[in-house]
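Student: Okay, sequence plus prediction incoming.
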Number of protein chains: 2
Amino acid sequence: MELQNAKGTRDFLPKEKIVRNDIQNALANVFELYGFSPFETPVIERYEILSSKYAGGEEILKESFQFRDQGNRDLGLRYDLTVPLARFIGMNSQMKMPVKLYQMGNVFRDGPISASRYRQFMQCDVDIIGVKTMLAEAELLSLASEAFQRIGIDVEIRFNNRKLLNELLDWCGVKKESHDTVILSVDKLEKFGATEVEKELHGKGISHDAIARIMDVLSMKGIDKIGKLLKKSEGIKEIEELEKFLSILGVNARFDQSLARGLSYYTGTVFEVAARESSVKSTICAGGRYDRMISSLLGRGDYPAVGISFGLDRIHDAVCEKRKIGKKVVSGVYIIPINTAEVCLKILNLLRSSGIHSDMDFSGRGPSKNLDYANSLSIPYVILIGKKELEKEKMTLRDMKTGKEEMLKIDEVIKRLKQSLPEE
Amino acid sequence: MELQNAKGTRDFLPKEKIVRNDIQNALANVFELYGFSPFETPVIERYEILSSKYAGGEEILKESFQFRDQGNRDLGLRYDLTVPLARFIGMNSQMKMPVKLYQMGNVFRDGPISASRYRQFMQCDVDIIGVKTMLAEAELLSLASEAFQRIGIDVEIRFNNRKLLNELLDWCGVKKESHDTVILSVDKLEKFGATEVEKELHGKGISHDAIARIMDVLSMKGIDKIGKLLKKSEGIKEIEELEKFLSILGVNARFDQSLARGLSYYTGTVFEVAARESSVKSTICAGGRYDRMISSLLGRGDYPAVGISFGLDRIHDAVCEKRKIGKKVVSGVYIIPINTAEVCLKILNLLRSSGIHSDMDFSGRGPSKNLDYANSLSIPYVILIGKKELEKEKMTLRDMKTGKEEMLKIDEVIKRLKQSLPEE
């Protein structure tokens, strides 16, 4: 049998998983600080839900894993967390609006893979359902800013507004029915450059004149200049309102009229977060307002909504790039018994009662093999207990970094370790 | 479109997910206190791995979800966390033995469903690989005892030893080739009673005399009495060693020779944890020693192993039964602006900077609707800020339980909330 992972999936070694858990905990703490409550939906959904025409769309559906249960029911693995959220909202109409929710979970895409594209990856979604004002957008951008500060990634936050984009396309002379496809092309501006996008727009039958105007408008600096082109603009009004709230909250975010976001269900504000000075060039967090998606999917009600999604795998990559030296295991101290297993068990119990992450040799091998082991796992401290130590009712504490050894009583060891080891 | 979950799966509302997270965090904290490091494997595995004859076995394989990716590769959803662990160990031979690992993740079974049987459920597995001594078993039982103490469930821990069971079956005159099937029947003793088990053994062709001896042996009290039946017993030796370590560690666990555990891959100690005085009658945590499984699956090496698995869903049910009043949302305070949204945003920022889980009305609705909302979500405190408050540079803090209101300055509010709200 060949030992390998399913294509496009991967394992996380302890040293990687420790970092992932740190990030997840930091995110959850910020989400809850901001009053978002956790919820959970299953990985498996009925295929009928995933394939609804108001769900993720054709492209994404082609990449979804599909299968049947023994009762021949048509099922699939979820490809995002937004469609399950919509179903959840629909099935829990007792919930008071507005609702502030977050979910962290794996999503699956049976698509082409690359360095930053996996077939199983984790998304952390934060959504406000039931709020029409720009306060909801401001809340999510403030949350993102706080989250990345805590995680320790320097980021650039940009935002735009789909209403404004549509108004600008009107002004450029692009027909309403071409707006969506033009927005899809504009979304590629940063990645592929102006020449490529112009060529693509040309291919889509957009006139020379309109293309020139589009490129012109996209290169303007600042909302004021753009505002002058439009008489009565709802997009401008929303952007100005959002900017006001962001300034009160002290959130650093930049308006960028070339930001489009690919998904078709966005109806207003869109935003994107990228890491500065990182080899992770792709977006690490993004979202926007989708006022019609939930009610279309449910076929009823009015559910204005804004959401933001954190891509855990890419954030993980950006963090690991900076944090070269991490923990390989969780233990702070490793006890080596030299024919003193029973006494050591008691010491182990005492250390753990004091909240110290502690491990001990259970195999009975010699001290030098055990020291090699502790060293290879980068465990910061080792305790040795042999005959000599037993007689003195002390133990030898070895600092594995400096190699310094001291004979200490248990109280002294606990005090020392609690001072030196980071709080868990 | 019908809004429903895939059969056998379920959502968790915030009030349920908050409890689940509490339990998961408590478990992870204890696992790390005991020096177990986290790791992660994907939900999707190659079917070849899942269906290996040394993996979960026929019965479990029949219940596994199977599908193909676009490259026509045969895949499946994992049905447990032990088979992925074995693959992980095999693919990471650089890891120093012994290895102490834990994984929390969803597993899937396409089988019959009932009140405590789901098609997606979460397991939390803790394993020690590379240790042959009973210190490993003692470590896991100590960990389980500590974990349930922290979670607040009163439990009974029982253990037995497969070697002893085999020795006893020899003594009863049961042929070697019938041991496994007899053990499967014995495993049902507690659930179905003696008469049923005797009938089943009869049906399996076990002699009258052997059945009488089996039932006799199983009803004996204490290891000493049983020890007298056997001359040189490895099972007894291991049990006595384990009992010695458990007594040093202060772990309360009871030897029970009728405990069998269904799985065929166990080679020594087996154990089971049940909640006392709970409506959750099924096992909430179980495991044992499986010294041959990993090396058989990998076709190489020597990987003695002991593992324990916590069933999060059943533990959750047992906890919820006790903790009737829980949080519905995470917020400790809800700010109601009365035409003072911008000032309230600043207050919101200050509260959050102080670490208080805070929310605010973003919809601009009136105070009485907002009070109803906060009340229905059981948010403990509300802050009201209107014209009167603005003039005095104060705010009204309302205790939602007592209805008592006070006009306070921001510093006073922060101090009060930090005292009254539980530490997060």
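Tutor: Received the coordinates, thanks. Numbers count the residues shown, from 1 in each chain, chains lettered A, B, ... in the order given.
Student: Need the single longest helix in chain A, by residues.
Tutor: Counting residues, the longest helix found in chain A (DSSP state H) is helix A:14-33.
Student: Using CSV, write down the CA coordinates of it.
Tutor: The C-alpha coordinates for helix A:14-33 follow below in CSV (Å, rounded to 0.1, in the frame of the first residue of the first chain):
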residue,chain,number,x,y,z
PRO,A,14,2.7,19.5,15.6
LYS,A,15,5.0,22.5,14.9
GLU,A,16,2.6,23.6,12.2
LYS,A,17,-0.6,22.8,14.1
ILE,A,18,0.6,24.7,17.1
VAL,A,19,0.8,27.9,15.0
ARG,A,20,-2.5,27.2,13.3
ASN,A,21,-4.2,26.8,16.8
ASP,A,22,-2.6,30.1,17.9
ILE,A,23,-4.0,31.9,14.9
GLN,A,24,-7.4,30.2,15.3
ASN,A,25,-7.5,31.2,19.0
ALA,A,26,-6.5,34.7,18.3
LEU,A,27,-9.2,35.0,15.6
ALA,A,28,-11.9,33.5,17.9
ASN,A,29,-11.0,35.8,20.7
VAL,A,30,-11.3,38.9,18.5
PHE,A,31,-14.6,37.6,17.0
GLU,A,32,-16.1,37.1,20.5
LEU,A,33,-14.7,40.4,21.8
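Student: Can it be said to contact chain B?
Tutor: Yes: using CB under 8 Å from any CB of the partner chain, helix A:14-33 reaches chain B at A:14, A:17-18, A:20-21, A:28-29, A:32-33. C-beta coordinates here come from the backbone N, C-alpha and C atoms, glycine included.
Student: List the buried residues of that helix.
Tutor: A:14-24, A:26-33 (16 or more other CB atoms under 10 Å in any protein chain shown).
Student: Over to stretch A:184-194?
Tutor: Under the neighbour-count criterion of 16+ other CB under 10 Å, stretch A:184-194 has A:184-187, A:189-190 buried.
Student: before we move on, back to that, format the residues of helix A:14-33 next to chain B as a markdown table; extra columns: pLDDT.
Tutor: Formatted as a markdown table, the residues of helix A:14-33 next to chain B follow (pLDDT from 0 to 100):
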| residue | pLDDT |
| --- | --- |
| A:P14 | 96 |
| A:K17 | 96 |
| A:I18 | 95 |
| A:R20 | 95 |
| A:N21 | 96 |
| A:A28 | 97 |
| A:N29 | 96 |
| A:E32 | 96 |
| A:L33 | 95 |
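Student: Same list, the residues you listed, but as a markdown table with distance to B:P112 please.
Tutor: Formatted as a markdown table, the residues of helix A:14-33 next to chain B follow (distance: CB to CB, whole Å):
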| residue | distance to B:P112 |
| --- | --- |
| A:P14 | 36 |
| A:K17 | 34 |
| A:I18 | 38 |
| A:R20 | 35 |
| A:N21 | 35 |
| A:A28 | 35 |
| A:N29 | 40 |
| A:E32 | 37 |
| A:L33 | 43 |
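Student: What parts of the stretch 151-300 of chain A come near chain B?
Tutor: Taking CB under 8 Å from any CB as the contact definition, the stretch 151-300 of chain A meets chain B at A:244-245, A:248-250, A:297-299.
Student: and if we set it to 7 Å?
Tutor: Within the stretch 151-300 of chain A, the positions near chain B by CB under 7 Å from any CB of the partner chain are A:245, A:248-249.
Student: A:R78 contacts A:P42, correct?
Tutor: No: counting by CB atoms under 7 Å, A:R78 does not reach A:P42; the two are 8.0 Å apart.
Student: in what helix or strand does the residue in the stretch 1-150 of chain A that chain B sits nearest to lie?
Tutor: The minimum distance from the stretch 1-150 of chain A to chain B, using CB to the nearest CB, falls at A:G35 (3.2 Å). Under the criterion DSSP states H and E, no helix or strand holds A:G35.
Student: do the same with A:D317
Tutor: helix A:312-322.
Student: now that helix against helix A:14-33, angle please.
Tutor: Orientation check (axes from the mean of the first three to the mean of the last three CA atoms, to 10 degrees): helix A:312-322 against helix A:14-33 gives 120 degrees.
Student: related to what we said a few turns ago, packing partners for the longest helix of chain A?
Tutor: The helices and strands touching helix A:14-33, judged by 3 or more CB pairs under 7 Å, 6 or more residues apart in numbering or on different chains; DSSP states H and E, are helix A:135-151, helix A:312-322, strand B:37-38.
Student: The longest one: which residues count as buried?
Tutor: Judged by neighbour count using 16+ other CB under 10 Å, the buried positions of helix A:135-151 are A:135-148, A:151.
Student: Beyond that helix, next helix or strand please.
Tutor: Once the chain leaves helix A:135-151, the next helix or strand it forms, by DSSP H and E, is strand A:155-161.
Student: so what does that next one touch, helix or strand wise?
Tutor: Applying 3+ CB pairs under 7 Å, 6+ apart, we find strand A:155-161 packed against helix A:135-151, helix A:234-249, strand A:254-255, strand A:269-275.
Student: how about a markdown table for those, with mean pLDDT added?
Tutor: Converted to a markdown table, the helices and strands packed on strand A:155-161 look like this (pLDDT from 0 to 100):
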| stretch | mean pLDDT |
| --- | --- |
| helix A:135-151 | 97 |
| helix A:234-249 | 96 |
| strand A:254-255 | 94 |
| strand A:269-275 | 96 |
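Student: of the ones you listed, which approaches B:I383 most closely?
Tutor: helix A:135-151 (15.9 Å; CB to CB).
Student: Give me the contacts around the closest one.
Tutor: Helix A:135-151 is contacted by residues A:23, A:26-27, A:30, A:34, A:126, A:128, A:155, A:157, A:159, A:242, A:245-246, A:249, A:251-253, A:269, A:271, A:273, A:285, A:287, A:289, A:306, A:308, A:315, A:319, B:341, B:362 when judged by CB atoms under 7 Å, 6 or more residues apart in numbering or on different chains.
Student: quick one: the spatially most central residue of chain A from A:Q103, how far?
Tutor: Among the residues of chain A, the one closest to the centroid is A:F310, at 2.8 Å (CA atoms, centre = their mean). Separation of A:F310 from A:Q103 (CB to CB, to the nearest Å): 11 Å.
Student: What's the separation between the one residue in the stretch 151-300 of chain A that gets nearest to chain B and A:I239?
Tutor: Here the residue of the stretch 151-300 of chain A nearest chain B is A:I248; by CB to the nearest CB that distance is 4.9 Å. Counting by CB to CB, the gap from A:I248 to A:I239 is 15 Å.
Student: Please identify which of the two sits among more neighbours.
Tutor: Remark: of A:I248 and A:I239, A:I239 carries more neighbours, 25 against 18, as counted by other CB atoms under 10 Å in any protein chain shown.
Student: re the thing from before, what's the angle from the longest helix of chain A to helix A:135-151?
Tutor: Between the axis of helix A:14-33 and that of helix A:135-151 there is an angle of 140 degrees, by the same axes, to 10 degrees.
Student: Break chain A down into its structural domains.
Tutor: As assigned by automatic domain parsing, chain A contains the domains A:14-322, A:333-420.
Student: is the shortest one anywhere near chain B?
Tutor: Yes: contact of domain A:333-420 with chain B is found when judged by CB under 7 Å from any CB, involving A:341-342, A:345-346, A:349, A:352, A:355, A:357-359, A:362-364, A:373, A:376-377.
Student: in chain A, which ranges drop under the pLDDT threshold?
Tutor: Counting by pLDDT under 70, chain A has low-confidence residues at A:423-424.
Student: I'd like the distance between the residue nearest to A:A341 when sequence neighbours are not counted and A:K175.
Tutor: Using CB to CB, 6 or more residues apart in numbering or on different chains and skipping the chain neighbours, the partner closest in space to A:A341 is B:L135 (6.8 Å). Note on B:L135: its distance to A:K175, by CB to CB, is 76 Å.
Student: what sits against A:I383?
Tutor: A:I383 neighbours (CB under 7 Å, 6+ apart): A:333, A:335-336, A:347, A:395-397, A:413.
Student: where exactly do the strands run in the stretch 1-150 of chain A?
Tutor: Ranges of strands in the stretch 1-150 of chain A, per DSSP state E, counting those that start in this stretch, are A:37-38, A:44-46, A:66-68, A:74-77, A:99-108, A:120-129.
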